[in-house]
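Asks: coordinates only, sequence not included:
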């Protein structure tokens, strides 16, 4: 029971940190190219992760762990950040919530295949209802989007769900922060080359909001959030704790209300209540 509670607590902290990722990415791509944003955030996070790994003298992963680490890097270091950054050039951050609502379901499915979990039928009912609630809420207040943006988001969600499940499985052996740090370090050579080739021609026109957004997605979205997230998935179960992602869009909208003084619609309150019930139901039957 204590292990499960710790898992859900860590997972919730991770989700809260991730809540600012899409809005920050939306701000950053106004001044920075998606390629540079994706590579720069990975390079910064990799250098921080490498510092922790070597300072704390962590043992190197076994050779058998290299392919799973590469899958983690492909999913959460390269694939999801790049594809969502590209998508957010075609769709709004609000419209992207439609697809973020599908991420817990994708994570649970990959958790079955990669983590060997077998949730009960009731779990899948609550998970599907939660995903539909988030998608319905987002569609009720967003634009129509674009085919290109929607396809990019779907691809990003699939890669992210795979990376979450694979990373959670590895975290049971290596530890949560070690997994994301090694995955970042593994991708560093490619990301560094990409950052060099996609550097802005001029730095003068890049505003402070873009730099602050880059700092957030590099330090918090790419490293700190994963420390809590992978630990939560490893302790509490991939499928169950993964349902906490249903709350991520609402946390993001609440942050916007507090920091940007945006209004909170009654539909958001009602949808949040339904999602909380779905998360609680998924936790019980996971």
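Replies: Looks like it came in fine. Quick caveat: nothing in here was measured; it's all calculated off a predicted structure.
Asks: can you list the low-confidence ranges for the protein?
Replies: Low-confidence segments of the chain (pLDDT under 70): 1, 93-95, 97-98, 138, 141-145, 256, 259-264, 286.
Asks: scan it for its longest helix.
Replies: helix 147-174 (DSSP state H).
Asks: can you name the next helix or strand after it?
Replies: helix 176-197 (DSSP states H and E).
Asks: touching, residue 106 and residue 159? I think so.
Replies: No - the criterion here is CB atoms under 8 Å, and residue 106 misses it with residue 159 at 9.2 Å. For every residue, glycine as well, the C-beta is placed using N, CA and C.
Asks: can you tell me the element residue 271 falls in?
Replies: Residue 271 belongs to helix 266-285, assigned by DSSP H and E.
Asks: list the helices and strands that helix packs on?
Replies: Counting by 3 or more CB pairs under 8 Å, 6 or more residues apart in numbering; DSSP states H and E, the packing neighbours recorded for helix 266-285 are helix 121-141, helix 238-242, helix 248-260.
Asks: how about a cut-off of 10 Å?
Replies: Secondary-structure packing of helix 266-285 (3 or more CB pairs under 10 Å, 6 or more residues apart in numbering; DSSP states H and E): helix 2-18, helix 103-115, helix 121-141, helix 238-242, helix 248-260.
Asks: tell me which of the ones you listed sits most buried.
Replies: helix 238-242 (a mean of 30; mean count of other CB atoms under 10 Å).
Asks: what is it packed up against?
Replies: So helix 238-242, by 3+ CB pairs under 10 Å, 6+ apart, packs with helix 2-18, helix 103-115, helix 121-141, helix 147-174, helix 225-236, helix 266-285.
Asks: try 6 Å
Replies: helix 2-18, helix 103-115 (3 or more CB pairs under 6 Å, 6 or more residues apart in numbering; DSSP states H and E).
Asks: next, format the ones you listed as JSON lines and append distance to residue 186.
Replies: Below are those laid out as JSON lines (distance: least, CB to CB, whole Å):
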{"stretch": "helix 2-18", "distance to residue 186": "21"}
{"stretch": "helix 103-115", "distance to residue 186": "18"}
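Asks: out of the ones you listed, which comes closest to residue 232?
Replies: Taking CB to CB, helix 2-18 is the member of these nearest to residue 232, at 2.9 Å.
Asks: quick one: the next helix or strand after that closest one to helix 225-236, angle?
Replies: Following helix 2-18 in sequence order, the next helix or strand is helix 21-28 (DSSP H and E). Using axes from the mean of the first three to the mean of the last three CA atoms, to 10 degrees, the inter-axis angle of helix 21-28 relative to helix 225-236 is 160 degrees.
Asks: relative to helix 248-260, how tilted is helix 21-28?
Replies: 50 degrees.
Asks: hang on, the earlier thing: need the helices and strands packed on helix 266-285 in a markdown table with distance to residue 43, can you?
Replies: Listed next are the helices and strands packed on helix 266-285 as a markdown table, based on distance: least, CB to CB, whole Å:
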| stretch | distance to residue 43 |
| --- | --- |
| helix 2-18 | 20 |
| helix 103-115 | 25 |
| helix 121-141 | 32 |
| helix 238-242 | 28 |
| helix 248-260 | 25 |
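Asks: name the residues that touch the helix holding residue 271?
Replies: Helix 266-285 is contacted from outside by 120, 122-123, 126-127, 129-130, 133, 137, 240, 243, 246, 250, 253, using CB atoms under 6 Å, 6 or more residues apart in numbering.
Asks: tilt between that helix and helix 225-236?
Replies: Using the same axes, to 10 degrees: helix 266-285 against helix 225-236 is 40 degrees.
Asks: quick check, distance from helix 266-285 to the centre of its chain.
Replies: Centroid displacement of helix 266-285 relative to its chain, using CA atoms, centre = their mean, to the nearest Å, is 20 Å.
Asks: same check, this time on stretch 21-39
Replies: That offset, for stretch 21-39, works out to 15 Å (CA atoms, centre = their mean).
Asks: same check on stretch 243-263?
Replies: 15 Å.
Asks: try stretch 161-168
Replies: 10 Å.
Asks: before we move on, what about stretch 188-199?
Replies: Taking mean C-alpha positions (CA atoms, centre = their mean), stretch 188-199 and its chain are 22 Å apart.
Asks: can you list the buried residues in it?
Replies: Residues of stretch 188-199 classed as buried under the neighbour-count rule (16 or more other CB atoms under 10 Å) are 188, 191-192, 194-195, 198.
Asks: ok, back up a step: next, the angle from the helix holding residue 271 to helix 103-115.
Replies: Using the same axes, to 10 degrees: helix 266-285 against helix 103-115 is 20 degrees.
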